[in-house]
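**Q** sharing a sequence plus its predicted fold:
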Amino acid sequence: MKIMVVGGGGREHAIIKKIKQSPKVDTIYALPGNGGIAKDAVCVNIGAKDIDGIVKFATENKIDYAIVAPDDPLVLGAVDAFNEAGIACFGPRANAAIIEGSKIFSKNLMKKYGIPTAAYEVFTEMNAAIEYLKDAPIPTVIKADGLALGKGVVIAMTREEAVDAVRSMMEDKVFGASGSKIVIEEFLTGPEVSVLSFTDGNVVVPMVSSMDHKRALDNDCGLNTGGMGTIAPNPYYTEDIAKLCMEKIFLPTINAMNAEGRTFKGCLYFGLMLTPCGPKVIEYNCRFGDPETQVVLPLLDGDLLEIMMACTNGTLADTSVKFLDKSACCVIMASEGYPGKYQSGYEITVDSDIEAEVYVAGAKLENGAILSAGGRVLGVTATGESLADAIDKAYANVPKVKFANAYYRHDIGARALKALN
Ligand code: AMP
Ligand code: GLY
């Protein structure tokens, strides 16, 4: 089969490496891919948001199956466009991708169907939001309604910070139209768990749980990033909690989307917080997480392409989805300075005796060399019999990947290990 993957980050590299193992696959195209993905797929320089461009390429090249990985094209209707062109495709249609595309939609959905989440108010007018903040409980959480590259969330520790956040979103429009409507919600506490799931709209099959590390620096200091590393499984996510989540969150969400006439097919990501009052939804994503995918897929014991096609065809109940009884750790190597200003354009080399997967997120090919080209440059993933093994192995292999100005956290998985002991 001819497969096309839309996107060009570490997540897409992990998806591509996994589907490459499928006997069904002949050729994989990545749009746009990146300099590292180019080793594993044919990269085509068409941006992920250029829906017309990607569908035209798919039609002209007789693509058998398309996988849309990033949020933007999903929310923009890439899957609808593929369907109209008669091309089978993995991912939700735009009317279901709204579960990530609009925080107001997802909060109202959870309220209507009794799915546990933080209490909240919606504001479309700045002065009303500022008035509300006068007696709101502090800390409080301010969220832009639309997609904002994961940056549209402010945890305000003081009333002044909360008002500043509202002004920057609604008046200064730092997130553009995404912030013209906002949600102000209750501040929750507890360990966070990411659960990615496969769904065909009938059944929902959770993947192995994982834990992201969002802050830039060790000990969860520094700015929020797109994610500096992940581990799987997440030790806080016990079997009892998993059962509870299936009953109170996963199935109700799938059923709610069906009841709204917005059947969700693809990967539904549940961002959960295990609060003292039980698990609650922090956010939904309409796609695989990044860098969660870089630890979840290496533990998948099966044919990813077959599972994806079962999500599209509605046959997921008859498809085996199994995970290895092992652990994985992914350490993101970034350009020093990220998520602020950074230098890139440095050659990346990988020692030939590396015993880990390297998933490339930000790199370009120039005269045969792979150069760093982004904040998050790549992820080094190792698997092991235990979480401690996986972490040790990942960190033993990080020095085998070299580029100038590389920066990484030294404590990925440390909190999880503590929870285990
Ligand atoms: P989000 O982009 O919605 O995942 O939010 C980014 C991060 O902000 C989450 O991973 C949480 O750490 C934090 N966060 C979001 N909502 C809340 C909340 N209601 N209470 C506490 N922390 C939150
Ligand atoms: N790692 C969080 C996300 O993909 O949104």
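**A** Right, received. Where do you want to start? All of these numbers come straight from a predicted model, not from anything done at the bench. Ligands and ions are numbered 1, 2, ... in the order given.

**Q** interface residues of the protein facing ligand 2?
**A** Those residues of the chain that sit near ligand 2, judged by C-beta under 6 Å from any ligand atom, are Gly150, Asp212, Gly227, Asn285, Gly289, Asp290, Glu292. Any C-beta I mention is one placed from the backbone N, CA and C, and that applies to glycine too.

**Q** surely Ala144 touches Lys103?
**A** Yes: because the distance of 7.4 Å satisfies C-beta atoms under 8 Å, Ala144 is recorded as touching Lys103.

**Q** okay, and the common contacts of those two?
**A** Contact criterion C-beta atoms under 8 Å, 6 or more residues apart in numbering; residues bridging Ala144 and Lys103 by contacting each: Gly152.

**Q** from Thr140, how far out is Glu161?
**A** In this structure, Glu161 and Thr140 are 9 Å apart, going by C-beta to C-beta, to the nearest Å.

**Q** the two: who's more crowded?
**A** Comparing Glu161 with Thr140 by other C-beta atoms under 10 Å, the one with more neighbours is Thr140, at 22 against 16.

**Q** dump the helix or strand harbouring Ser194 to PDB, keeping only the CA atoms.
**A** Secondary-structure element containing Ser194, defined by DSSP states H and E: strand 192-199. Coordinates of the C-alpha atoms in strand 192-199 are reproduced here as PDB (Å, rounded to 0.1, in the frame of the first residue of the first chain):
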ATOM      1  CA  GLU A 192      -1.300  14.100  35.500                       C
ATOM      2  CA  VAL A 193      -1.800  11.100  33.200                       C
ATOM      3  CA  SER A 194      -2.000  11.100  29.400                       C
ATOM      4  CA  VAL A 195      -4.200   8.300  27.900                       C
ATOM      5  CA  LEU A 196      -4.200   8.000  24.200                       C
ATOM      6  CA  SER A 197      -7.000   5.800  22.800                       C
ATOM      7  CA  PHE A 198      -8.000   4.200  19.500                       C
ATOM      8  CA  THR A 199     -11.700   4.600  18.700                       C
END
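
**Q** residues contacting it, please?
**A** Under the contact criterion C-beta under 8 Å, 6+ apart, strand 192-199 has outside partners 204-207, 209-212, 230, 234, 236-237, 241, 245, 250, 254, 264-274, 279, 282, 288-289, 292-293, 296, 307-308, 310-311, 316, 321.

**Q** kindly recompute the last result at 7 Å.
**A** When contacts are defined by C-beta atoms under 7 Å, 6 or more residues apart in numbering, strand 192-199 is touched by residues 204-207, 209-212, 234, 236-237, 245, 250, 254, 264-265, 267-274, 282, 288-289, 292, 296, 307, 311, 316, 321.

**Q** buried stuff in it?
**A** Glu192, Val193, Ser194, Val195, Leu196, Ser197, Phe198, Thr199 (16 or more other C-beta atoms under 10 Å).

**Q** show me what the helix or strand bottoming out on mean pLDDT in the chain is packed up against.
**A** Taking mean pLDDT, DSSP states H and E as the measure, the helix or strand of the chain with the lowest value is strand 221-224, at a mean of 90. Here strand 221-224 touches strand 215-217, going by 3 or more C-beta pairs under 7 Å, 6 or more residues apart in numbering; DSSP states H and E.

**Q** I'd assumed Ile37 was in contact with Leu365.
**A** No: contact criterion C-beta atoms under 7 Å: Leu365 and Ile37 do not qualify, at 9.9 Å.

**Q** these two: who's more crowded?
**A** Ile37 (28 against 17).

**Q** returning to what we had before: pLDDT of the strand holding Ser194, averaged?
**A** Per-residue pLDDT values across strand 192-199 average out to 98.

**Q** stretch 82-99 too?
**A** Summarised as a single mean, pLDDT over stretch 82-99 is 98.

**Q** convert the C-alpha atoms of it to CSV, please.
**A** This file holds the C-alpha atoms of stretch 82-99, laid out as CSV (Å, rounded to 0.1, in the frame of the first residue of the first chain):
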residue,chain,number,x,y,z
PHE,A,82,-9.9,13.2,2.0
ASN,A,83,-13.3,11.5,2.3
GLU,A,84,-14.7,13.7,-0.4
ALA,A,85,-11.8,12.7,-2.6
GLY,A,86,-12.6,9.1,-1.9
ILE,A,87,-9.3,8.5,0.0
ALA,A,88,-9.5,6.4,3.2
CYS,A,89,-8.0,8.3,6.1
PHE,A,90,-7.2,8.0,9.8
GLY,A,91,-8.5,10.8,12.0
PRO,A,92,-11.6,12.5,13.1
ARG,A,93,-13.7,14.8,10.8
ALA,A,94,-13.7,18.5,11.6
ASN,A,95,-17.1,18.2,13.5
ALA,A,96,-15.4,15.8,15.9
ALA,A,97,-11.9,17.4,16.0
ILE,A,98,-13.7,20.4,17.6
ILE,A,99,-13.3,18.4,20.9
